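Visitor: the amino acid sequence is not available; the structure is as follows:
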């Protein structure tokens, strides 16, 4: 397969960003960049890396130094996800929450579908403890590598390698298959993460207003609501519809005939 | 999944050996051992390693030091393959030879089939140049990771990781384990269709009340909302939560501190 054929056929892979949160060891950033590039991914985002740029990262990236040079460093996960339509959190274990949990192969098939039109993020937590619950709240799907339950400690770059490999396989497979029934025009426009966040803010304000959310005892109400809506890919129009309901919840309107 | 279930169901993985030929960097041996163990493989063979045992190998193996301790060092590939029924050579590129060349997913399916009864070897060449033609002559099948043709330089341990991952996935598939690894107890209790319908009725009444739904011109509002919630697969508890919001939308409550 020539380079030019690859880049035109697998352009979908350019619609992914790998987001590494709070990475402790700069060497892992370099190895992750190398892993990404071997699979044709190129956009690397680093949320509060412990040390970057760093000579260890550059050394381990070998031929993928360009990904490090173009890496975007942010101070929050929300910034790193800005503009994405979908965020997949990577987890090494089951979490006690109701995020939809799938294996990375299933996640890759879903992600490739979305990335054909809009940016998708793969979010990796720290080497020691993975993603925090607060970070997971920014994700719509939780993906797990089905590792040996007796020893599931994959190196960060190894996890990046497998996920990017599955994306490449899914992209290749998609190219070999006849197009699905949806024409590009029939694909809905999904809400961006930014507009979802704005919806959650609006929802929280409204729940405070009607007294469902007690600021003195918020419990986990907003987390539970986020998990409900995170499980579907809300379309742009649907977010508008839901926000319309919130607006009228605070200021009801009477129709003539009503 | 408990360890005992895993080891009995996936015993096929114990019938594999990973054979590393002339490995230059001992760190790569350690990382490869870790990659193997995360996927449930345990038998490591080293043909003329540059340095072994070595502190770098041990350091990078982390929790997989047992694989290094039990590793078998040989001076020829033939010795390392002794007793195997099948040997798969890993290649980063097409070779001008008449070996059958398949991608690693296809190779894994075939290998799992054979390994259910007999030992199978996965043979990896040196970091710089891969397997020699003489080494390839010991293999029955050539497997390739479909990497980015512009940059196909996978780290040795990364290649081991992907191949072992594909073997594990093939073994799981063969065993027909549920792909999400969830035990029945961990599955949430989903809302019944009846309670969903009751939620929709409650939602419609509320939207009429706040004036969002105009009975004179309902358009397709309820259909669109149903479409949103139908995609979520709501749990029983979540329906209760959403109905709680509707109740307070109609009759707000004031908290003491609010």
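Guide: Perfect, I can see it now. These figures come from a predicted structure and were not determined experimentally.
Visitor: from here on, contacts and neighbour counts on C-alpha atoms
Guide: Will do.
Visitor: contact partners of stretch A:147-167?
Guide: A:13, A:28-29, A:31-32, A:35-36, A:39, A:41, A:92, A:104-105, A:108-109, A:111-112, A:124, A:127, A:145, B:1-3, B:6, B:34-35, B:37-40, B:63, B:147, B:158, B:161-162, B:165 (C-alpha atoms under 8 Å, 6 or more residues apart in numbering or on different chains).
Visitor: and if you look at stretch A:78-93?
Guide: With C-alpha under 8 Å, 6+ apart, stretch A:78-93 has contacts from A:19, A:45-47, A:72-74, A:107, A:111, A:114, A:118-125, A:130-131, A:136, A:138-145, A:147, A:152-153, A:190-194, A:233.
Visitor: show me how far stretch A:197-217 is from its chain's centre.
Guide: 25 Å (C-alpha atoms, centre = their mean, to the nearest Å).
Visitor: got the buried residues for it?
Guide: Buried residues in stretch A:197-217, counted by 16 or more other C-alpha atoms under 10 Å in any protein chain shown: A:199-200, A:202-204, A:206-214.
Visitor: hmm, that stretch in reach of chain B?
Guide: Yes. Stretch A:197-217 reaches chain B (C-alpha under 8 Å from any C-alpha of the partner chain) through A:207, A:209, A:210, A:211, A:212, A:214, A:215, A:216.
Visitor: so who does the first one touch?
Guide: Right, residue A:207. Residues in contact with residue A:207, defined by C-alpha under 8 Å, 6+ apart, are A:213, B:245.
Visitor: any idea how far residue A:247 is from residue A:206?
Guide: Distance, residue A:247 to residue A:206, by C-alpha to C-alpha, to the nearest Å: 8 Å.
Visitor: so which helix or strand takes in residue A:17?
Guide: Residue A:17 belongs to strand A:16-21 when assigned by DSSP states H and E.
Visitor: give me the mean pLDDT for stretch A:126-134.
Guide: For stretch A:126-134, the mean per-residue pLDDT is 92.
Visitor: what do you get for stretch A:23-32?
Guide: 98.
Visitor: what sits up against it?
Guide: So stretch A:23-32 is in contact with A:20, A:46-54, A:56-62, A:64-65, A:68, A:125-127, A:156-158, A:160-161, going by C-alpha under 8 Å, 6+ apart.
Visitor: so which of the residues you listed belong to helices?
Guide: A:56-61, A:65, A:68, A:156-158, A:160-161 (DSSP state H).
Visitor: ChimeraX command for the buried members of those?
Guide: Entered in ChimeraX, the line below selects the buried ones among the ones in helices among the contacts of stretch A:23-32, by 16+ other C-alpha under 10 Å:
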select /A:56,57,58,60,61,65,68,156,157,158,160,161
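Visitor: is stretch A:221-230 up against chain B anywhere?
Guide: Yes. Applying C-alpha under 8 Å from any C-alpha, one finds that stretch A:221-230 is in contact with chain B at A:224, A:228, A:229.
Visitor: out of the residues of stretch A:197-217 next to chain B, which two sit at the greatest distance?
Guide: Greatest spacing in these, by C-alpha to C-alpha: A:210 and A:216 (14.5 Å).
Visitor: output the residues of stretch A:197-217 next to chain B as CSV; include the columns secondary structure.
Guide: Converted to CSV, the residues of stretch A:197-217 next to chain B look like this (DSSP: H, G, I helix; E, B strand; the rest coil):
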residue, secondary structure
A:207, helix
A:209, helix
A:210, helix
A:211, coil
A:212, coil
A:214, coil
A:215, coil
A:216, coil
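Visitor: related to what we said a few turns ago, and the buried residues of stretch A:197-217, which is closest to residue A:239?
Guide: residue A:199 (7.0 Å).
Visitor: for the closest residue to that closest one other than its chain neighbours, give me its contacts.
Guide: Closest residue to residue A:199 apart from its sequence neighbours, by C-alpha to C-alpha, 6 or more residues apart in numbering or on different chains: residue A:243 at 6.6 Å. Contact analysis of residue A:243 by C-alpha under 8 Å, 6+ apart lists A:199, A:202, A:203.
Visitor: A strand includes the first one, no?
Guide: This points to residue A:199. No. Counting by three-state DSSP, residue A:199 is not found in a strand; it is helix.
Visitor: that one and residue A:239 touch, don't they?
Guide: Yes. Applying C-alpha atoms under 8 Å, one finds residue A:199 in contact with residue A:239, separated by 7.0 Å.
Visitor: who wins for neighbours among the residues of stretch A:221-230 next to chain B?
Guide: residue A:228 (22 neighbours; other C-alpha atoms under 10 Å in any protein chain shown).
Visitor: report the central residue of chain A.
Guide: By C-alpha atoms, centre = their mean, the mean C-alpha position of chain A lies nearest to residue A:87, the distance being 1.5 Å.
Visitor: which element is it on?
Guide: Assigned by DSSP H and E, residue A:87 falls within strand A:86-91.
Visitor: could you do residue A:123 as well?
Guide: Per DSSP H and E: residue A:123 is located in strand A:120-124.
Visitor: can you list contacts of that strand?
Guide: A:15-21, A:81, A:84-91, A:111, A:114, A:130-131, A:139, A:156.
Visitor: quick check: domain ranges of chain A?
Guide: Domains of chain A are assigned by automatic domain parsing as A:3-176, A:188-250.
Visitor: how long is the last one end to end?
Guide: Going back to what we said before, that points to domain A:188-250. Using C-alpha to C-alpha, one end of domain A:188-250 lies 29 Å from the other.
Visitor: what of stretch A:123-142?
Guide: 9 Å.
Visitor: buried ones in that stretch?
Guide: For stretch A:123-142, a neighbour-count test (16+ other C-alpha under 10 Å) marks A:123-127, A:130-131, A:135-142 as buried.
Visitor: just stretch A:141-157 next, same as before
Guide: Neighbour-count burial for stretch A:141-157 flags A:141-150, A:152-157 (criterion: 16+ other C-alpha under 10 Å).
Visitor: pLDDT (mean, whole number) over that stretch?
Guide: In the prediction, stretch A:141-157 has an average pLDDT of 94.
Visitor: need the contact partners of stretch A:100-116.
Guide: With C-alpha under 8 Å, 6+ apart as the test, stretch A:100-116 has contacts from A:12-13, A:15-16, A:85-86, A:88, A:94, A:120, A:140-146, A:163, A:166-167, A:170-171, A:231, B:179-180.
Visitor: for chain A, name the helix or strand with the lowest mean pLDDT.
Guide: helix A:3-9 (a mean of 46; mean pLDDT, DSSP states H and E).
Visitor: A strand includes residue A:213, no?
Guide: No. Assessed with three-state DSSP, residue A:213 is coil; it does not lie in a strand.
Visitor: and it, what are its phi and psi?
Guide: Here the main-chain torsion angles of residue A:213 (degrees, to the nearest 10) amount to phi -100, psi 120.
Visitor: list the contacts of it.
Guide: Residues in contact with residue A:213 (C-alpha under 8 Å, 6+ apart) are A:204, A:207, A:221.
Visitor: and if we set it to 10 Å?
Guide: Residue A:213 makes contacts with A:204, A:205, A:206, A:207, A:219, A:220, A:221, A:222, B:245, B:253, B:254, B:255, as judged by C-alpha atoms under 10 Å, 6 or more residues apart in numbering or on different chains.
Visitor: pLDDT averaged over stretch A:61-79 - what is it?
Guide: What stretch A:61-79 shows for mean pLDDT is 97.
Visitor: how far does stretch A:247-257 sit from the chain's center?
Guide: A distance of 36 Å separates the centroid of the chain from that of stretch A:247-257, by C-alpha atoms, centre = their mean.
Visitor: need the contact partners of that stretch.
Guide: Stretch A:247-257 has contacts (C-alpha under 10 Å, 6+ apart) with A:202-203, A:205-207, A:209-210, A:243, A:245-246, B:206-216, B:246, B:248-250, B:252.
Visitor: list the buried residues for that stretch?
Guide: For stretch A:247-257, by 16+ other C-alpha under 10 Å, it's A:247, A:248, A:249, A:250, A:252, A:253.
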